[in-house]
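A.B. asks: sharing a model that was predicted from the sequence below.
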Amino acid sequence: MSGPVIRPMRHIVVGRVLIGVSLTLLLAAAAAAARRAHGRDGFDHARHAKLFPTCEGCHAGVTAPATGPRAGAVAASVTDAGFNPWPAPTVCAACHDGSIERRVDWAPPAELPRTNLRFDHATHRREAASERPVLVDSLSRCATCHIEAGRPWMQVRLASVTSCLACHGVSGGHLEAPDTACATCHLPLPRAIRLAAADVGRLPAPESHRDSAFRAGAHGRAALAGARTGSRPTGVSASCATCHARDFCAACHVNAPEVPVIQALAPDVRSLAITATLRAPPSHARAEFLREHGPMAQGPTCAACHTRESCATCHRESVPRAVARLAATGPGRGGGAVVTRRRPATHGADFSESHAAIARATPRTCESCHARAECVTCHRPDAGSAPGGYHLAGFLTRHAAAAYSRQTSCAGCHNQSTFCAACHERAGLVSRGALRAGFHDAKPGFLLGHGQAARQSLESCTSCHAERDCLTCHSANGGRRFNPHGPGFDAARLRRKNPGMCTACHGQAIPGA
C-alpha cells in the first residue's frame, strides 16, 4: 500500500537557499553600512585597532612639516593637489598577501575632497601645540578630532564641525558663527580652487540670509564690516568673501564698479552658481510711490538697482537729470531692475476727456512719460478747432507770443517753412525787404532793438529771414558793416569753438586768426 510521497529534502534545500540569499543580502547591507560608518574610504578602523598603535603607521606624513611641492601651502588639503593622506596599496598588501590574510583590492581615492577648508594637519598640530601644550600627545594620535570623547581607540570618525567650533572658542551653531570666525576655518572662494561651480551652488546659506530685510539692504551693512581706516570701509567682511565673489554682487548691483566694498572682492565666475533674485523693496509697492519717486531718485540709492535703460521704459521723451546720472548697462554691471510701464492712478478711465487742463498746468510732468508724437496722433487732424483741438479757442490771436516764448514747440505739428510762412504771406505779415519791417509793424522801432530779439530767439527769425538779409547790414566785407556782437563778446573763444561761423561775415580775414 502506497501513501503520499513526501520530499522533505526539497523543502529543506529551498529553505536553505532562501536563508542563504537573505543572509547574503543582510551581510552586504551591513558591510555597506559599516563602510559608511567607518569613513569615506570604507576601511574598518575598529577591526584593525590592535594592529596599529598610531595613525601615522598608515597615514604617514600627514602631520609632518610640509616639504617640496607642499612647502608654503596655506591649506594642503585644498591647494596642494599632489599630496594624498591615504595609505598606498602596498601598505595593505604587506598583510593582505593571500597567505597571511586574504588579498584585498583597494586603492586610495583619485582626488582629495573638494572643500574650502583652510586646513593642514601639520600646521594645525604645530599651532595648536604652541597654544595648548597639554594636548600635544592626543593631537599627535589624532584622537582629539577623530575619536569621540569616551569612545575606544580606533573608533574613528570624520572631524565634526562642532568640535572645531568648540576648540576655537566659537559659540553657537556653524552657520550662526560670528563674521570674524569664518576666515579661521575657510578660504575665500577665489582661493578655494578645488571647488567646482556645483559645489559653490550647494554651499549652505546662514539663517540670517533668509530674512527679507537682509536681502533688501542689511546685506550691504554686513559686507561693510571688513577692514576699515577710521570710519571708511576699505575691505569686505571675511564671511561674505567665503562664499561670494565680485561676479555674484555685480549680477544685481548696477553700480558695482563704483562700490569699493564690491571691488574689494576678487572676481570668480563660480560665485554665480549661488542664485539671487533682484526684488523691489517694500516702499515700491506703495500706491503713492509712482508719484513720489522723483525726489527720491535724486539720491544714490536708486543707482544700485536701476540702469538708465530701466528708467527710460517710462521716461521716453524727457530724461530727468537723475536718470542721466545713472549708469548704462555694460560689462561688470548688473542688468538692472526690469520696469513695467503702468498707468498712474490719476489716469482714470475717462482721463482722455479731462487731461487737457492737467497737460496745460504741468506740461513737464506729462513730458516725462509721453512723447509729442503721441499727442500729435490725436490733435493734428483738428489742431485749429475747438473744443477738442490742441489749442484753446482764440489761440490764433496770441500765438505769436506763445511761439516766441517757446511755451511749446510749434515744429512738433507745423512745418514752419510752409505752414507758418504761407499763412503770414497771405495775411501780409512777411518781410518786404531787408529794412522794411513787415511782420514787425506792430512794434515801432523794432529794427533798433532787433539784435536782442535775434540773440534770444534766432530760430523765430529764420522762419522768415535768410542769412542774406542779415548780411545786408552786418558784414565786414560789405554792406553797412554794423557790428552784430553785443557787449562782452569773446571773439577769441568763439573763434576757437567754431571758426567757420566767423567766415560768414569776415570771409578768410578773421580778426586775430
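C.D. replies: Everything's here; your move.
A.B. asks: okay, CA-based contacts and neighbour counts for the rest of this
C.D. replies: Will do.
A.B. asks: phi and psi next, for His186.
C.D. replies: phi -120, psi 150 (degrees, to the nearest 10).
A.B. asks: identify the bridge partners of it.
C.D. replies: Leu117 (DSSP bridges).
A.B. asks: got the contact list for His48?
C.D. replies: Met154 (Cα atoms under 8 Å, 6 or more residues apart in numbering).
A.B. asks: next up, phi/psi of it, please.
C.D. replies: According to degrees, to the nearest 10, His48 has phi -110, psi 20.
A.B. asks: got the confidence number for it?
C.D. replies: His48 is assigned a predicted lDDT (pLDDT) of 86.
A.B. asks: for Arg16, same thing?
C.D. replies: Reported pLDDT for Arg16: 35.
A.B. asks: ditto for Ala198
C.D. replies: For Ala198, pLDDT reads 93.
A.B. asks: you'd agree it is in a helix?
C.D. replies: Yes - counting by DSSP: H, G, I helix; E, B strand; the rest coil, Ala198 is part of a helix.
A.B. asks: for it, give me its contacts.
C.D. replies: Ala273.
A.B. asks: neighbours around the closest residue to Arg194 other than its chain neighbours, how many?
C.D. replies: Of all residues not flanking Arg194 in the chain, Arg114 sits nearest, at 5.3 Å (Cα to Cα, 6 or more residues apart in numbering). Close neighbours of Arg114, defined as other Cα atoms under 10 Å, add up to 14.
A.B. asks: tell me who's in contact with Arg114.
C.D. replies: Val78, Arg194, Leu195, Ala196, Asp199 are the contacts of Arg114 under Cα under 8 Å, 6+ apart.
A.B. asks: wait, Ser310 sits on Val338?
C.D. replies: Yes - applying Cα atoms under 8 Å as the test, Ser310 and Val338 come out as touching, 6.1 Å apart.
A.B. asks: what pLDDT does the model give the residue nearest to Arg194?
C.D. replies: 85.
A.B. asks: all the strands of this structure, in order from the start?
C.D. replies: Ranges of strands within the chain are 228-229, 232-233, based on DSSP state E.
A.B. asks: average pLDDT for the last one?
C.D. replies: Right, strand 232-233. Mean predicted confidence for strand 232-233 is 54.
A.B. asks: ok, now the first one?
C.D. replies: The average pLDDT for strand 228-229 rounds to 54.
A.B. asks: sorry, back to before: from the contacts of Arg114, pick the one nearest Ala345.
C.D. replies: Asp199 (47.7 Å; Cα to Cα).
A.B. asks: any idea how far the closest one is from Ala241?
C.D. replies: Asp199 sits 16 Å away from Ala241, going by Cα to Cα, to the nearest Å.
A.B. asks: settle it for me: which of these two has more neighbours?
C.D. replies: Taking other Cα under 10 Å, Asp199 and Ala241 do not tie; Ala241 has more neighbours (22 against 15).
A.B. asks: what about the nearest residue to that one once chain neighbours are set aside, neighbour count?
C.D. replies: Excluding the flanking residues, the one nearest Ala241 by Cα to Cα, 6+ apart is Pro188, at 5.2 Å. Look at Pro188: counted by other Cα under 10 Å, it has 22 neighbours.
A.B. asks: ditto for the one 3 residues further on
C.D. replies: Arg191 sits with 18 neighbouring residues when counted by other Cα under 10 Å.
A.B. asks: from Leu117, how far out is it?
C.D. replies: Applying Cα to Cα, the value for Arg191 to Leu117 is 10 Å.
A.B. asks: same question, Val161
C.D. replies: Distance from Val161 to Leu117, by Cα to Cα: 11 Å.
A.B. asks: more neighbours: the two, which one.
C.D. replies: The neighbour comparison of Val161 against Leu117 (other Cα under 10 Å) goes to Leu117, with 18 against 13.
A.B. asks: related to what we said a few turns ago, most neighbours, which of the contacts of Arg114?
C.D. replies: Most surrounded of the contacts of Arg114: other Cα under 10 Å gives Val78, at 24 neighbours.
A.B. asks: domain parsing for this protein?
C.D. replies: Domain assignment of the chain by automatic domain parsing yields the ranges 37-66+75-159, 190-273.
A.B. asks: tell me which of the ones you listed sits most buried.
C.D. replies: domain 190-273 (a mean of 17; mean count of other Cα atoms under 10 Å).
A.B. asks: ends of it, what's the gap?
C.D. replies: 14 Å.
A.B. asks: try stretch 361-369
C.D. replies: Per Cα to Cα, stretch 361-369 runs 16 Å from first to last residue.
A.B. asks: go on, stretch 402-409?
C.D. replies: 9 Å.
A.B. asks: report the buried residues of that stretch.
C.D. replies: Of the residues in stretch 402-409, Tyr404 count as buried by neighbour count, 16 or more other Cα atoms under 10 Å.
A.B. asks: give the rounded mean pLDDT of it.
C.D. replies: 72.
A.B. asks: can you list contacts of it?
C.D. replies: Cys410, Ser457, Ser460.
A.B. asks: what do you get if the cut-off is 7 Å, keeping everything else the same?
C.D. replies: Residues outside stretch 402-409 that contact it (Cα atoms under 7 Å, 6 or more residues apart in numbering): Cys410, Ser460.
A.B. asks: so which of the contacts of Arg114 is the closest to Val269?
C.D. replies: Closest to Val269, out of all of the contacts of Arg114 and judged by Cα to Cα, is Ala196, at 10.7 Å.
A.B. asks: phi, psi of the closest one?
C.D. replies: Torsion angles, degrees, to the nearest 10, at Ala196: phi -90, psi 170.
A.B. asks: now do the contacts for it.
C.D. replies: Counting by Cα under 7 Å, 6+ apart, Ala196 has no contacts.
A.B. asks: where exactly do the helices run in the stretch 101-250 of the chain?
C.D. replies: 121-131, 136-140, 143-146, 161-167, 182-185, 197-201, 212-213, 219-223, 238-243, 246-250 (DSSP state H, counting those that start in this stretch).
A.B. asks: would you list those helices in a markdown table and tack on distance to Gln155?
C.D. replies: Shown next, in a markdown table, are the helices of the stretch 101-250 of the chain (distance: least, Cα to Cα, whole Å):
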| stretch | distance to Gln155 |
| --- | --- |
| helix 121-131 | 19 |
| helix 136-140 | 15 |
| helix 143-146 | 8 |
| helix 161-167 | 16 |
| helix 182-185 | 25 |
| helix 197-201 | 29 |
| helix 212-213 | 44 |
| helix 219-223 | 41 |
| helix 238-243 | 32 |
| helix 246-250 | 42 |
